[in-house]
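Novice: next input, structure requested:
(one chain, ligands or ions: 1)
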Amino acid sequence: MAGSLSADAVAAYRRDGFHFPWRLMPRERALRIGEDFLAFTRSDVARRYPDPQNQLYLLKAHLIFTWADAIVHDPGLLDAVESLIGPDILVWSSGVFWKAPHSGAYVSWHQDSTNFELDDAEGVVRAWVALTPATLANGTMRFAPGLHARGQVRHVDRKAEGELLSRGETIDLEIDEAATVPVVIDAGEVSFHHLHTPHGSGPNASDQPRVNHVVTYVAPKVRPIRGADSAQLARGQDRFGHYAPEPRPKADLDPAALAAHESAMALRNAIIYRGAPLPQAPRHAEVWS
Ligand code: NI
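Specialist: Coordinates of the predicted model:
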């Protein structure tokens, strides 16, 4: 397959279910994006939202923030993604995940395939972009290598205090922690993982926040199993039409972008929270009126 990752990197990804580190941008630029993001979360605008994590950052940040749009469409990143899923690439989601200093927030062991409802995991890759250094101390993600080869494993919903997963969906499999691999990477570096790769993360025991932007790319042939969905073309062509197209933002939180984000989130939340309580859906017009 074409693209910019080396044959060894692609082989490691296929064997282990992940590959890192891969440098996307200089450290200083990534740190600045992370700092700007954290400043935004403290702004009056963000405070207008009762649940800003769900309403602004979680699933489709690239539809409303130009910095996130620039990352998901970065030609270098797309070259690397092309090595893993081919030359036709859609952005299916992108979300910012952060853990405050000394936050007890954690993520249970899970496979992302569990609630994504996509029919072909081989055509999907998640790019985990570090906007601060990701360290053992600040609760970086860990992978269980090789277990993606088992395909989808049963999960049980165990939503508990501090759990960041939407439904607390936890893998029903004994994970040997000693055999797991922590994603220790610098700000500006990326870790790629397969949709079936089990992963989780612990609390942030450090004095610094941990911020990362996770982008999910899909090949257009990948079908959403649960009906209507939308995505944004990043490279090549969509010859399948499984996803309604999404527009790129012209400016941060511009009215057209907010309207597109609200429509896209309504479709996606209906899929992800199927059978579970829906989070408060975005109501940008009410917030901004
Ligand atoms: Ni995950």
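Novice: helix/strand/coil for Asn204?
Specialist: Classification of Asn204 using DSSP: H, G, I helix; E, B strand; the rest coil returns coil.
Novice: so it sits against Tyr106, correct?
Specialist: No. Asn204 lies out of contact with Tyr106 (CB atoms under 8 Å); the separation is 9.1 Å. Backbone N, C-alpha and C define where each C-beta goes, glycine included.
Novice: pretty sure Arg269 sits in a helix.
Specialist: No Arg there; residue 269 is Asn. Yes. Looking at Asn269 with three-state DSSP, it is inside a helix.
Novice: burial check on it, number of neighbours?
Specialist: The number of residues packed around Asn269, counting by other CB atoms under 10 Å, is 19.
Novice: again with Ala266
Specialist: For Ala266, the neighbour count with other CB under 10 Å is 14.
Novice: quick one: it is in a strand?
Specialist: No. Ala266 is assigned helix when assessed by three-state DSSP, not a strand.
Novice: numbering from 30 from now on, please.
Specialist: Taking 30 as the first residue, the last one we looked at is Ala295.
Novice: list the contacts for the spatially most central residue of the chain?
Specialist: Closest to where the C-alpha atoms of the chain average out (CA atoms, centre = their mean) is Val243, at 3.0 Å. Applying CB atoms under 8 Å, 6 or more residues apart in numbering, we find Val243 in contact with Ser123, Gly124, Val125, Phe126, Arg155, Ala156, Trp157, Val158.
Novice: shared neighbours of Asn233 and Tyr135, anything?
Specialist: Gly168.
Novice: more neighbours: which of these two?
Specialist: Each of Asn233 and Tyr135 has its neighbours counted (other CB under 10 Å); Asn233 has more, 23 against 18.
Novice: what pairs with Val125 across the strands?
Specialist: Here Val125 sits in beta bridges with His242, going by DSSP bridges.
Novice: tell me the pLDDT of it.
Specialist: Reported pLDDT at Val125 in the predicted model: 96.
Novice: can I get the helix or strand that contains Ala285 in PDB, CA atoms only?
Specialist: For Ala285, the element it lies in under DSSP states H and E is helix 284-301. The C-alpha trace of helix 284-301 is given here as PDB (Å, rounded to 0.1, in the frame of the first residue of the first chain):
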ATOM      1  CA  PRO A 284     -22.800  29.700  12.400                       C
ATOM      2  CA  ALA A 285     -22.600  27.300   9.400                       C
ATOM      3  CA  ALA A 286     -20.100  25.100  11.200                       C
ATOM      4  CA  LEU A 287     -22.300  25.000  14.400                       C
ATOM      5  CA  ALA A 288     -25.300  24.000  12.300                       C
ATOM      6  CA  ALA A 289     -23.300  21.200  10.600                       C
ATOM      7  CA  HIS A 290     -21.900  20.000  13.900                       C
ATOM      8  CA  GLU A 291     -25.400  19.800  15.500                       C
ATOM      9  CA  SER A 292     -26.700  17.700  12.600                       C
ATOM     10  CA  ALA A 293     -23.700  15.400  12.600                       C
ATOM     11  CA  MET A 294     -23.800  15.000  16.400                       C
ATOM     12  CA  ALA A 295     -27.500  14.000  16.300                       C
ATOM     13  CA  LEU A 296     -26.700  11.200  13.900                       C
ATOM     14  CA  ARG A 297     -23.600  10.000  15.700                       C
ATOM     15  CA  ASN A 298     -25.100  10.100  19.300                       C
ATOM     16  CA  ALA A 299     -28.100   8.000  18.100                       C
ATOM     17  CA  ILE A 300     -25.600   5.300  17.000                       C
ATOM     18  CA  ILE A 301     -23.200   5.400  20.000                       C
END
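Novice: helices or strands next to that helix in the packing?
Specialist: helix 142-145, strand 259-264, helix 313-317 (3 or more CB pairs under 8 Å, 6 or more residues apart in numbering; DSSP states H and E).
Novice: hmm, 6 Å instead?
Specialist: If contacts are counted by 3 or more CB pairs under 6 Å, 6 or more residues apart in numbering; DSSP states H and E, helix 284-301 sits against no helix or strand.
Novice: quick one: mean pLDDT for it?
Specialist: 91.
Novice: can you give me the angle it makes with strand 259-264?
Specialist: Calculated by axes from the mean of the first three to the mean of the last three CA atoms, to 10 degrees, helix 284-301 forms an angle of 110 degrees with strand 259-264.
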